[in-house]
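Chemist: Starting from these lines, generate the structure:
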Amino acid sequence: MIEIKGVSKTYSIGKNNVVLALNNISFCLPNKGMVFITGASGSGKSTLLNLLGLLDLPDKGEIIIDGKSLNKFKKKEVDYYRNTYVGFVFQEYNLLDNFNVGKNIEIALNLQKNVGNK
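Modeler: Sure thing, here's the model as predicted:
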């Protein structure tokens, strides 16, 4: 189970402009099934997904995976979490330029296999 407890996230835009992307949100996600995140543009959907994928960290609160706070994860556990619990399809693709799509997928699958075996 993934639990979000009191999570807040702000971004600074320029010197004097702070945007509150998420404000003290709390909820639980089940171990099985699909979850859809919907909302208006600017409502914090991408920020939430970046936090769940550990691409960013919350300013306040914590994210708990199977009873363990992500704040206490070691690098190896972060890698395992990303390869086991979350998957991303980026709007900007983030492919390695020197390889075709097939080779990019092969590299990702090999990395996932290697992380899972450690």
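Chemist: for this structure, what spans make up the strands?
Modeler: 2-13, 17-29, 60-65, 68-69 (DSSP state E).
Chemist: burial count for the nearest residue to N31 once chain neighbours are set aside?
Modeler: In space, and not counting its chain neighbours, N31 is closest to M1: 5.6 Å by C-beta to C-beta, 6 or more residues apart in numbering. C-betas here are computed from N, CA, C, even on glycine. Other residues near M1 come to 11 when the count uses other C-beta atoms under 10 Å.
Chemist: Might one say that M1 is in contact with F27?
Modeler: No: in this structure M1 lies outside contact range of F27 using C-beta atoms under 8 Å: 10.9 Å.
Chemist: quick one, longest helix in the protein?
Modeler: Longest helix in the chain, counting residues (DSSP state H): helix 101-116.
Chemist: pLDDT averaged over it - what is it?
Modeler: Across helix 101-116, the average pLDDT comes to 77.
Chemist: swap in stretch 33-50?
Modeler: Stretch 33-50 carries an average pLDDT of 89.
Chemist: Not counting it itself, show me its contacts.
Modeler: The contact list for stretch 33-50 (C-beta atoms under 8 Å, 6 or more residues apart in numbering) reads K9, Y11, A21, L22, I25, L29, D56, F88.
Chemist: From the chain's centroid, how far away is that stretch?
Modeler: 11 Å (C-alpha atoms, centre = their mean, to the nearest Å).
Chemist: how many other residues sit next to E3?
Modeler: With other C-beta under 10 Å as criterion, E3 counts 15.
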